[in-house]
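Novice: what's the 3D shape of this:
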Amino acid sequence: MPLPRAIRPFSHREYRVLIGALAVSIFGSGMWAVAMVYQVIHIGGGPLELSLVAAAGSVGLVAFVLAGGIAADRVPQRLLIIAVEGTNLAVIATVSGLAMAGWLQLWHLVAGAFVLGVGAAFFFPAYSAILPRILPPEDLLAANGMEGTLRPTLQQAAGPAVAGIVVAALSPSHAVTGVAGCHLLAFIILNFLGQHALAAPGSATAAPAKTSFFSDLREGVSYTVRTPWLLWTLLWACISVLFLIGPIEVLLPFVIRDQLGGDSRMFGFLLAVMGVGSAVASLVTASVRLPRRYLTVMMVCWGAGTLPLAAVGLMDSFWLLALALFIFGATGSVGMVIWGTLLQRRVPPHLLGRVSSLDFFVSLALMPVSMALAGPAAAVLPIWLIFLVAGGVCPVMAVAALLVARMSVDEIAHPLDRRDALPAGAEATT
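Specialist: Prediction:
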């Protein structure tokens, strides 16, 4: 009896090892998000100090994510992933030891957050690039869907919840120790990854010529620019991050307060609803075949899914707002699962790390810009108008991307679920 599509990747030993370690690691990251906050407060810090620690992690991530993509295309991804997890373990264990001894200072947390951010910059491109090496192409959609289910469940819900309980029952330092335990377990599990993934990408065919950082980066950018479906999807991502992140992160709490009379608990619950939508949609996407019109489905989900946000600034019903956020989370997740699968199946293997890091970089770089602009925009414009523009621009951009990149033609020319589909990396750019 064949396995259900969503769990078919688990029939491969290497995937079981990798996803097991990832699940433990992201659960620890969810714990760290809460433990770090209360550890800062415990040593006498306030909002400014907390911002410094959070900003240090973001700076490390943004500053090194392109280097992480290049490393993923040069260095064995197995070694990169294990090295990052070992570094995470060393950082968190050091913070835990200092906290338990009463020696922890703010600069320790700032430095630790920066190193963790750098580690994430190297981990994500390597993880994206190693999946096609340990799974057959037909299982990649399910694998990406499983990751999309685990992240909101463990990193946004279970991890923070457990950390909150530990902080309340014991202390922030005990919660940090729990985070260290998660990274220790993940590090041990990752060492069971098979040795076949030790070889550097491309080394099985020929020894790669030594190239500089900038030439490697230029090669990745050049491939992206001359590949229309890839270029226009990234342009859509830039627009969506710029227009949506700030209103959701900065202005949504004021919508809840002023239009619904709610407080932080309602805000947290609504974000959880969005996370549930994301997790459910990821699991459903993992359970079905990749759509034949995969580019069209991806862009329609992303574009149409932002339409409910256009009315957020006018809503005075909790349930309508919850439904809008659920739809936004669900449709966004469907698009992301398909997108991750397309990168792994259509980008040449020797470029996958760099293209993945470029995707990550354009999103990360504009997040703080969007959040920085949201406040000043709300000072001169009504919030309902900001949400109306944000929710309306993204569908228009999605339609433009579909038409300009001729995605409907491209997906027919490059089928991914048929016997005559081209192998990964074999397609010619248009």
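
Novice: now the strands for the stretch 301-430 of the chain?
Specialist: Counting by DSSP state E, counting those that start in this stretch, the stretch 301-430 of the chain has no strands to list.

Novice: where does the stretch 51-200 of the chain have low pLDDT?
Specialist: For the stretch 51-200 of the chain, residues meeting the criterion pLDDT under 70 lie at 195-200.

Novice: check the stretch 251-400 of the chain too.
Specialist: By pLDDT under 70, the weakly predicted segments of the stretch 251-400 of the chain are 264, 268.

Novice: try it again at 50.
Specialist: For the stretch 251-400 of the chain, applying pLDDT under 50 flags no range at all.

Novice: mind jotting down where the helices sit in it?
Specialist: Applying DSSP state H, counting those that start in this stretch to the stretch 251-400 of the chain gives helices spanning 252-260, 264-286, 294-305, 318-346, 352-380, 383-404.

Novice: now those helices as TSV including distance to residue 132?
Specialist: C-beta: built from backbone N, CA, C; applies to glycine. Converted to TSV, those look like this (distance: least, CB to CB, whole Å):
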stretch	distance to residue 132
helix 252-260	37
helix 264-286	16
helix 294-305	16
helix 318-346	5
helix 352-380	7
helix 383-404	25
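
Novice: do you know which of those helices lies nearest residue 163?
Specialist: Residue 163 lies closest, by CB to CB, to one member of the helices of the stretch 251-400 of the chain: helix 264-286, at 14.5 Å.

Novice: okay, buried residues for the closest one please.
Specialist: For helix 264-286, a neighbour-count test (16 or more other CB atoms under 10 Å) marks 266-267, 270-286 as buried.

Novice: quick one: mean pLDDT for the helix or strand where residue 26 lies?
Specialist: Taking DSSP states H and E as the criterion, residue 26 maps to helix 13-42. Across helix 13-42, pLDDT averages out at 89.

Novice: please point out which parts of that helix sit buried.
Specialist: Buried residues in helix 13-42 (16+ other CB under 10 Å): 14-15, 17-40.

Novice: show me what counts as buried in stretch 230-245.
Specialist: Quick answer for stretch 230-245 (16+ other CB under 10 Å): 230-237, 239-245.

Novice: isn't residue 61 up against residue 122?
Specialist: No. With contacts defined as CB atoms under 8 Å, residue 61 does not count as touching residue 122, sitting 9.9 Å away.

Novice: neighbour-wise, which of these two wins?
Specialist: residue 122 (27 against 23; other CB atoms under 10 Å).

Novice: just give the nearest non-adjacent residue to the more buried one, would you?
Specialist: residue 68 (3.9 Å; CB to CB, 6 or more residues apart in numbering).

Novice: any figure for the gap between the residue lying closest to residue 20 once chain neighbours are set aside and residue 404?
Specialist: Spatial nearest neighbour of residue 20, excluding adjacent residues (CB to CB, 6+ apart): residue 189 at 5.3 Å. Distance, residue 189 to residue 404, by CB to CB, to the nearest Å: 44 Å.

Novice: ok, now residue 20?
Specialist: 42 Å.

Novice: go on, residue 396?
Specialist: 12 Å.

Novice: could you do residue 184 as well?
Specialist: 49 Å.

Novice: the more surrounded of those two?
Specialist: Comparing residue 184 with residue 404 by other CB under 10 Å, the one with more neighbours is residue 184, at 18 against 12.

Novice: distance check, the nearest residue to residue 299 once chain neighbours are set aside against residue 362.
Specialist: Closest residue to residue 299 apart from its sequence neighbours, by CB to CB, 6+ apart: residue 398 at 4.6 Å. Here the criterion is CB to CB. By it, residue 398 lies 16 Å from residue 362.

Novice: equivalent analysis for residue 69, please.
Specialist: Distance of residue 69 to residue 362, computed by CB to CB: 12 Å.

Novice: of the buried residues of stretch 230-245, closest to residue 291?
Specialist: Nearest to residue 291 out of these is residue 233 (CB to CB; 15.3 Å).

Novice: now name the helix or strand holding that closest one.
Specialist: helix 228-246.

Novice: quick one: average confidence on that helix?
Specialist: 88.

Novice: and it, how far out from the chain's middle?
Specialist: Chain-centre distance of helix 228-246: 14 Å, with CA atoms, centre = their mean, to the nearest Å.

Novice: swap in stretch 135-150?
Specialist: The answer for stretch 135-150 is 14 Å, by CA atoms, centre = their mean.

Novice: so where do the helices sit in the stretch 101-250 of the chain?
Specialist: Per DSSP H, counting those that start in this stretch, the stretch 101-250 of the chain carries helices over the ranges 106-134, 140-150, 159-169, 172-190, 213-225, 228-246.

Novice: okay, those helices in a markdown table with distance to residue 9 next?
Specialist: Formatted as a markdown table, the helices of the stretch 101-250 of the chain follow (distance: least, CB to CB, whole Å):
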| stretch | distance to residue 9 |
| --- | --- |
| helix 106-134 | 9 |
| helix 140-150 | 5 |
| helix 159-169 | 23 |
| helix 172-190 | 16 |
| helix 213-225 | 27 |
| helix 228-246 | 24 |
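
Novice: out of the ones you listed, which one sits most buried?
Specialist: When those are scored by mean count of other CB atoms under 10 Å, the highest mean neighbour count falls to helix 140-150 (a mean of 24).
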